[in-house]
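Q: quick check, what structure comes out for this input:
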Amino acid sequence: MSGDTSDNSHRHSRRDTLRVLLDGTPLLGQRSGVGRYTAALLRELATCRGVHVTVTAFTARGQRALRAAVPAGVGVRGGPVPARALRALWRRVDWPPTELLATDADVLHATNFVLPPATRARGVLTVHDLAFLEHPEFLAPPQRHLPEFLRRSVARAAVVCTPSNAVAQQVARRLGVPAERIVPTPLGVDPAWSSAGPPSPALRARLGLPPRYLLFVGAAQPRKGLDVLLDAHASQPGLAPLVLAGPAGWGPTLRSASRVHTLGYLDETDLRCVVAGAAALALPSRDEGFGLPVLEAMAAGVPVVCSDLPALREVAGGLATLVPPGDPTALATALSSVDGEGHDPAGAAARQAHAAHYSWQACAQATVRAYRKACG
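A: As a prediction, this is how the structure comes out:
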């Protein structure tokens with residue numbers, strides 16, 4: 001290497017192309033909201049001029065799956081590494097750096113709370129929400145060290161990205177990050193959601209869908225308030241059956257009911273149809289950083305009932321029915337109201353027009369601004 005440290009530290013400013021190393025670990029396995037965010041962002045970044053993205057994953061398994069998950073033309077660097085041992089080191093010391101594990105870059109983008117140490121790359125960290133700081137029970141057991149990781153990661157980061165202005169304010173207030181180091185990068189919605197149609201007879205038969213149904217989309221984890229939704233639904237026998245779509249979660253075992261249909265994880269093509277065919281989508285979360293199911297349901301024209309939380313108010317834009325979090329009685333009343341609405345073309349059009357303001361292209365452009373801010 002050259003002994004000219006000034007040249008090294010400013011090399012990105014004299015090149016047209018910014019080299020970005022992005023953590024693609026959320027792309028592996030069944031994709032939650034973070035995985036879908038990472039996939040959509042990477043797809044858009046791969047088309048951005050002036051940015052060259054390489055993907056890595058800090059895992060002993062899944063390297064072949066990672067190569068299959070990235071867009072054509074995007075490189076993958078790094079090899080199998082013991083993730084548990086790495087995390088144990090990164091909780092305590094700034095070693096090993098990502099340059100040793102993967103490749104040199106101008107920017108290291110940690111897409112899911114944990115920013116590894118780097119020797120030269122400037123760190124950009126995405127913080128999706130901060131609910132677990134007050135409620136560690138919202139975390140799955142393997143994630144219980146996340147608050148400690150987050151604080152170290154924030155200290156390493158040159159810029160923190162957030163999915164909403166609501167989370168940006170929380171990061172400034174709860175973590176003491178100066179406003180100039182925070183860049184909101186609102187999530188997007190694929191245009192295919194606005195043209196999604198209800199499930200075909202074949203899909204209805206395969207999934208066992210009732211003719212009319214209310215829908216919940218998300219993992220069965222404590223933060224999502226699924227227990228509140230089940231209580232609200234059980235209290236109103238006249239409501240349409242409830243359909244649950246999403247990956248398995250954790251937390252207390254939820255009781256089953258005859259009017260509740262559990263679909264499990266759906267690929268995005270099937271999910272769009274299931275959402276488009278719902279009488280309404282319910283998201284009774286105790287906390288949210290963005291609420292992607294709300295935006296996607298609105299893009300499909302579907303009515304939404306969700307918790308009255310800062311991020312969900314921001315995303316819904318006044319077009320959802322808001323209820324106090326943790327209140328099954330209020331939720332039951334709201335579900336009864338929207339379940340009886342029937343088809344409302346004007347309401348559906350308003351929801352779709354609002355959702356159209358959110359695009360993954362805009363998310364990628366804001367993220368690139370964050371990269372350049374980190375290097376500037």
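Q: please make it C-alpha for all contacts and neighbour counts, starting now.
A: Noted.
Q: strands of the chain, residue ranges please.
A: Under the criterion DSSP state E, the chain carries strands at the ranges 18-23, 51-56, 75-76, 107-110, 122-126, 159-162, 182-184, 214-217, 242-245, 260-264, 280-283, 304-307, 321-323.
Q: turn the ones you listed into JSON lines, including distance to G62, mean neighbour count and mean pLDDT.
A: JSON lines is the format used below for these (distance: least, C-alpha to C-alpha, whole Å; neighbours: other C-alpha atoms under 10 Å; pLDDT from 0 to 100):
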{"stretch": "strand 18-23", "distance to G62": "13", "mean neighbour count": "22", "mean pLDDT": "97"}
{"stretch": "strand 51-56", "distance to G62": "11", "mean neighbour count": "21", "mean pLDDT": "96"}
{"stretch": "strand 75-76", "distance to G62": "12", "mean neighbour count": "18", "mean pLDDT": "94"}
{"stretch": "strand 107-110", "distance to G62": "18", "mean neighbour count": "27", "mean pLDDT": "98"}
{"stretch": "strand 122-126", "distance to G62": "22", "mean neighbour count": "26", "mean pLDDT": "98"}
{"stretch": "strand 159-162", "distance to G62": "26", "mean neighbour count": "28", "mean pLDDT": "98"}
{"stretch": "strand 182-184", "distance to G62": "30", "mean neighbour count": "23", "mean pLDDT": "98"}
{"stretch": "strand 214-217", "distance to G62": "26", "mean neighbour count": "24", "mean pLDDT": "98"}
{"stretch": "strand 242-245", "distance to G62": "25", "mean neighbour count": "23", "mean pLDDT": "96"}
{"stretch": "strand 260-264", "distance to G62": "22", "mean neighbour count": "17", "mean pLDDT": "95"}
{"stretch": "strand 280-283", "distance to G62": "32", "mean neighbour count": "26", "mean pLDDT": "98"}
{"stretch": "strand 304-307", "distance to G62": "35", "mean neighbour count": "25", "mean pLDDT": "98"}
{"stretch": "strand 321-323", "distance to G62": "40", "mean neighbour count": "20", "mean pLDDT": "98"}
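Q: so which of these gets nearest R67?
A: In terms of C-alpha to C-alpha, the element of those nearest to R67 is strand 75-76, at 6.4 Å.
Q: run through who's touching that closest one.
A: 53-56, 66-67 (C-alpha atoms under 8 Å, 6 or more residues apart in numbering).
Q: and for stretch 311-325?
A: 164-167, 225, 284-286, 288-291, 294-295, 303-309, 330-331, 334, 350-351, 354.
Q: which of those residues are buried, as a ChimeraX select command?
A: Only the buried entries of those go into this ChimeraX selection, using 16 or more other C-alpha atoms under 10 Å:
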select :164,165,166,167,225,284,285,286,288,289,290,291,294,295,303,304,305,306,307,308,309,331,334,351,354
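Q: which one's the longest helix in this structure?
A: For the chain, the helix with the greatest residue count under DSSP state H is helix 360-375.
Q: chain center to that one, what's the gap?
A: In terms of C-alpha atoms, centre = their mean, to the nearest Å, the centre of helix 360-375 is set 17 Å apart from its chain centre.
Q: just want the angle from it to strand 18-23.
A: 110 degrees (axes from the mean of the first three to the mean of the last three C-alpha atoms, to 10 degrees).
Q: tell me the mean pLDDT for helix 360-375?
A: For helix 360-375, mean pLDDT rounds to 98.
Q: quick one: L66 from G79, how far?
A: 11 Å (C-alpha to C-alpha, to the nearest Å).
Q: next: V171.
A: From V171 to G79 the distance is 33 Å (C-alpha to C-alpha).
Q: tell me which of these two has more neighbours.
A: V171 (23 against 17; other C-alpha atoms under 10 Å).
Q: low pLDDT regions in this structure?
A: 1-15, 342 (pLDDT under 70).
Q: what residues go with each domain of it?
A: Listed domain ranges for the chain are 5-188+360-375, 191-355 (source: automatic domain parsing).
Q: I'd like to know how far the closest residue to W360 other than its chain neighbours sits from T367.
A: Spatial nearest neighbour of W360, chain neighbours left out: G188 (4.3 Å); criterion: C-alpha to C-alpha, 6 or more residues apart in numbering. Distance, G188 to T367, using C-alpha to C-alpha: 12 Å.
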